[in-house]
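Q: what's the 3D shape of this:
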Amino acid sequence: MKPRKIQRCPYRPFHFLDFEGTPVWNLPGHIWQILVRHDAPSAKMCCAMVARVRIKLQWSRKMLAAFLGVSHNAIRKWEAGKRNPNAAARRLIWIVCTLAENPESLKTGLDFANWGKTQEWINFGNFLA
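A: This is a model prediction of the structure:
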């Protein structure tokens with residue numbers, strides 16, 4: 001059986017797309033990656049978030065570790081600042097912390113993709129237009 005070809009969407013720079021009711025710029029993938037990395041919280045901020053979310057939710061290290069899919073020793077080392085979470089763990093930590101502290105800030109899927117800074121991106125896009 002032959003593999004199916006996936007049709008590519010045409011790239012049209014500086015056109016707005018509608019993402020769940022939110023207008024966003026149509027940018028190439030590598031630009032989105034740069035923007036998302038720029039807005040990501042630092043490793044030290046994520047380590048502080050781990051302790052904050054455990055206190056807020058009143059979870060043990062083992063409970064948070066099970067939720068994130070890591071060992072409880074990893075949680076202990078993150079809280080102590082001995083190790084830093086990888087990018088995937090940082091994203092999960094940020095999501096859990098944001099949902100625990102300010103769930104209204106995550107309204108659309110784009111909020112999850114750009115670290116909750118959708119409104120800032122929209123304002124910047126309006127500034128450029």
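Q: who are the neighbours in contact with residue 70?
A: Counting by C-beta atoms under 8 Å, 6 or more residues apart in numbering, residue 70 makes contact with residue 89. Backbone N, C-alpha and C define where each C-beta goes, glycine included.
Q: per-residue pLDDT, it?
A: Looking at residue 70, its pLDDT stands at 94.
Q: Name the SS class of it, please.
A: Per DSSP: H, G, I helix; E, B strand; the rest coil, the secondary structure class of residue 70 is coil.
Q: separation between it and residue 33?
A: To residue 33, residue 70 is 24 Å away according to C-beta to C-beta, to the nearest Å.
Q: just the helices in this protein please.
A: Ranges of helices in the chain, per DSSP state H, are 29-39, 43-57, 61-68, 72-80, 87-101, 109-113, 118-128.
Q: Redo those as TSV? Include mean neighbour count and distance to residue 3.
A: TSV is the format used below for the helices of the chain (neighbours: other C-beta atoms under 10 Å; distance: least, C-beta to C-beta, whole Å):
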stretch	mean neighbour count	distance to residue 3
helix 29-39	12	21
helix 43-57	17	39
helix 61-68	16	35
helix 72-80	17	38
helix 87-101	17	28
helix 109-113	16	28
helix 118-128	13	35
